[in-house]
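S.K.: what follows is a predicted structure for the sequence shown.
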Amino acid sequence: MEAYELDTAMKSMQVVVDTREKKNSHITALLDERKCPYKAQKLDYGDYTCTYADGENNAVSIENIAVIERKASLDELAGNITKGRERFEREFLRAKGAGAKVFLMIEGGSWDAIQEHRYRSQMSPRAFLNTLFSWQQKYNITISFVSKRFAGDYVYATLFMALKNFLLNGRK
């Protein structure tokens, strides 16, 4: 890909937000600040991905390359692990089956907070941690803890670099 083609494609990046994603105004405000367009659209898995314009100005999704699954807190994640585990794992399986890399972004948590049981669920810290460590391996996900303040930057930077890497190197 020529430098000008890469530049054009990167400038056309549009973040796609799953229609079921709620309470994300802190993320969309950052996208507005960066003048990065976004649109709501149903995604098969994940909460965020992006599109770019190809050489003929067609929108091309990278949903099968990279998605971000956002959890607003450790409490939400614990609920997905305990009460919604089968549905949550099916989402990871669909992403893996499509070849998509999943970035699990957890707002306001940390490995320490799990270890110290700073969440409402009765699930033990050991079970919580073992589940996350297992899923990293089983589904090839990357787990990141971010502050709510940094969440928009995380979404933008992660998708920007996933798109750039895909355009430069293809699916690797």
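M.R.: Received, thanks.
S.K.: which SS state does the spatially most central residue of the chain fall under?
M.R.: Nearest to the centroid of the C-alpha atoms of the chain, with distances taken as C-alpha atoms, centre = their mean, sits residue 68, at 0.7 Å. Under the three-state scheme (DSSP: H, G, I helix; E, B strand; the rest coil), residue 68 adopts strand.
S.K.: and it, what is it in contact with?
M.R.: Residues in contact with residue 68 (C-beta atoms under 8 Å, 6 or more residues apart in numbering) are 46, 47, 48, 49, 102, 103, 104, 105, 154, 155, 158, 159. Placement of C-beta: from N, CA and C, glycine included.
S.K.: now for the helix or strand hosting the fourth one, which elements pack on it?
M.R.: Okay, so that is residue 49. Residue 49 is part of strand 48-53, with elements assigned from DSSP states H and E. Under the contact criterion of 3 or more C-beta pairs under 8 Å, 6 or more residues apart in numbering; DSSP states H and E, strand 48-53 touches helix 3-11, strand 14-17, strand 59-61, strand 66-71, helix 151-169.
S.K.: for the closest residue to residue 117 other than its chain neighbours, give its distance to residue 75.
M.R.: Spatially, and ignoring its direct neighbours in sequence, residue 117 is nearest to residue 125 (5.1 Å; C-beta to C-beta, 6 or more residues apart in numbering). Going from residue 125 to residue 75 by C-beta to C-beta, to the nearest Å gives 14 Å.
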